[in-house]
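**Q** output the structure for:
(one chain, ligands or ions: 1)
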Amino acid sequence: MGDESMTFLKRLEQRWQQGHFVCVGLDPEYERLPASVKEGRSQEEALTHFACELIDATADLVCAYKPNIAFYEAYGDAGLRALGRTIAYSKKSRPEIPVILDAKRADIGSTNLGYVSSSFDLLQADAITVHPYLGKEAMAPFLKRADKGVIVLAKTSNPGSGEFQDLLVGEQKEPLYLTVARNVARYWNDNGNCALVVGATYPAELKRVREAVGDFPLLIPGIGAQGGDVAATVQAGRDSRGWGMIINSSRSIIYASSSTDFAQAARSATAALEAEINRYRG
Ligand SMILES: O=C(O)c1cc(=O)[nH]c(=O)n1[C@@H]1O[C@H](COP(=O)(O)O)[C@@H](O)[C@H]1O
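**A** Numbers count the residues shown, from 1 in each chain. The predicted model follows:
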């Protein structure tokens with residue numbers, strides 16, 4: 001079971017050890033929620049109920065949950081309350097499962113203090129996604145929270161991610177995403193709390209990142225709705241232990257059914273993805 005003193009990475013490793021590599025992305029759009037979830041509930045209640053039912057149905061199968069704050073901010077106060085309640089529910093009912101707040105934050109150091117307070121202290125997330133553009137110095141407030149995960153965008157899954165991320169830079173003329181990956185693994189990770197984001201839609205780039213960083217945790221979104229290939233992802237993304245992957249899918253799991261059986265359908269989709277991942281993990 002969970003132990004509040006355990007770091008993000010320790011929790012993650014415990015889940016990997018048990019064969020769990022799927023991260024369920026909690027990205028609810030009110031308009032897409034099943035009618036049975038919306039009926040008789042306020043927006044806040046419906047968003048909260050939907051996510052908590054998904055957590056109950058999938059908790060024994062996942063390595064992490066990843067609520068994306070954009071989907072909650074879209075509903076103002078009601079959405080943010082739903083996000084807070086969802087994270088609190090997950091942590092109370094399944095403390096062994098880390099919750100990643102997908103917020104893609106980062107600013108100058110003094111401003112980052114605000115992000116650290118809101119994500120880690122107020123919302124109680126175990127990890128946060130950030131972009132690397134401002135450099136290590138600015139990231140100190142995140143990086144010094146040794147108990148929390150700092151997950152840095154390297155090569156994102158979107159079709160246009162190459163505009164900046166693939167630019168050849170430095171003496172070695174290597175793509176920028178690879179320099180980000182190397183710097184984070186070598187220089188940002190003094191507290192052993194960093195991870196990287198690499199999209200499943202770029203298996204060749206995923207392989208290059210894995211070769212560059214060794215046994216380092218990678219958050220890999222892009223399976224399901226974005227069309228990433230599971231076999232190619234796992235073959236390129238697994239580390240020397242067959243671990244190291246937080247494989248996220250949001251829409252293909254949370255909207256597996258739009259009916260009253262949505263939670264059961266989400267469970268089946270999660271189980272099918274887990275089985276496929278483990279088939280290729282070797
Ligand atoms: O940081 C992320 O999680 C992320 C990085 C990335 O490169 N691509 C990406 O899709 N994501 C997030 O992962 C989730 C993907 O959702 P689905 O495409 O529905 O599985 C969304 O919350 C995205 O914001």
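**Q** spell out which parts of the stretch 101-250 of the chain neighbour the ligand.
**A** Within the stretch 101-250 of the chain, the positions adjacent to the ligand are 102, 129, 156-157, 197, 199, 221-222, 224-226, 248-250 by C-beta under 6 Å from any ligand atom. C-beta: built from backbone N, CA, C; applies to glycine.
**Q** just the strands in this structure please.
**A** 22-26, 62-67, 100-105, 127-130, 149-155, 168-169, 174-175, 194-198, 218-221, 245-249 (DSSP state E).
**Q** where are the low-confidence patches of the stretch 1-150 of the chain?
**A** Applying pLDDT under 70 to the stretch 1-150 of the chain flags the ranges 1-4.
**Q** coming back round to it: what subset of the residues of the stretch 101-250 of the chain next to the ligand is buried?
**A** With burial judged by 16 or more other C-beta atoms under 10 Å, the buried subset of those is 102, 129, 156-157, 197, 199, 221-222, 224, 226, 248-250.
**Q** now, the most widely separated pair of those residues?
**A** With distance counted by C-beta to C-beta, no two of those lie farther apart than Thr129 and Gly224, which are 18.0 Å apart.
**Q** how about the contacts made by the residue nearest the centre of the chain?
**A** Closest to where the C-alpha atoms of the chain average out (C-alpha atoms, centre = their mean) is Lys66, at 4.6 Å. With contact set as C-beta atoms under 8 Å, 6 or more residues apart in numbering, Lys66 has these partners: 23-26, 99-102, 219, 248, 250.
**Q** from Lys92, how far out is the residue lying closest to Asp147 once chain neighbours are set aside?
**A** Leaving aside its chain neighbours, Asp147 sits nearest to Thr7 (5.1 Å; criterion: C-beta to C-beta, 6 or more residues apart in numbering). Separation of Thr7 from Lys92 (C-beta to C-beta, to the nearest Å) stands at 19 Å.
**Q** of these two, who's got more company?
**A** Thr7 (19 against 10; other C-beta atoms under 10 Å).
**Q** before we move on, back to that, I'd like to know which of the contacts of Lys66 are buried.
**A** The neighbour count (16+ other C-beta under 10 Å) marks 23-26, 99-102, 219, 248, 250 as buried among the contacts of Lys66.
**Q** give me the residue from the stretch 51-200 of the chain nearest the ligand.
**A** Minimum separation of the stretch 51-200 of the chain from the ligand (C-beta to the nearest ligand atom) falls at Thr156, amounting to 3.1 Å.
**Q** my read is that that residue contacts Ala200, right?
**A** No: contact between Thr156 and Ala200 fails when scored by C-beta atoms under 8 Å: they sit 10.9 Å apart.
**Q** could you point out the longest helix of this structure?
**A** In the chain, with assignment by DSSP state H, the single longest helix is helix 262-281.
**Q** can you name the farthest residue from the center of the protein?
**A** Glu171 (32.0 Å).
**Q** for that one, give me phi and psi.
**A** When read as degrees, to the nearest 10, the backbone of Glu171 gives phi -60, psi -40.
**Q** quick check: pLDDT value at it.
**A** What the model reports as pLDDT for Glu171 is 95.
**Q** next up, the contacts around the residue nearest to Asp147.
**A** 146-149, 192-193.
**Q** biggest separation within those residues, which pair?
**A** Spatial extent of the contacts of Thr7 (C-beta to C-beta) is set by the pair Lys148 and Gly192 at 11.5 Å.
**Q** still on that earlier bit, excluding chain neighbours, give the residue nearest to the residue of the stretch 51-200 of the chain closest to the ligand in space.
**A** Gly199 is the one closest to Thr156 (C-beta to C-beta, 6+ apart), at 5.5 Å.
**Q** and for Tyr202?
**A** Excluding its sequence neighbours, the residue lying closest to Tyr202 (C-beta to C-beta, 6+ apart) is Lys155, at 5.5 Å.
**Q** could you report the neighbour count for the nearest residue to Pro217 once chain neighbours are set aside?
**A** The shortest distance from Pro217 to any residue other than its chain neighbours is 3.9 Å, reached at Ala195 (C-beta to C-beta, 6+ apart). The number of residues packed near Ala195 is 25, by other C-beta under 10 Å.
**Q** over to Val230?
**A** By other C-beta under 10 Å, 18 other residues sit near Val230.
**Q** kindly report the same for Gln264.
**A** Neighbourhood size, Gln264 [other C-beta under 10 Å]: 14.
**Q** gap between Lys66 and Ala46?
**A** Look at Lys66 and Ala46: by C-beta to C-beta, they are 20 Å apart.
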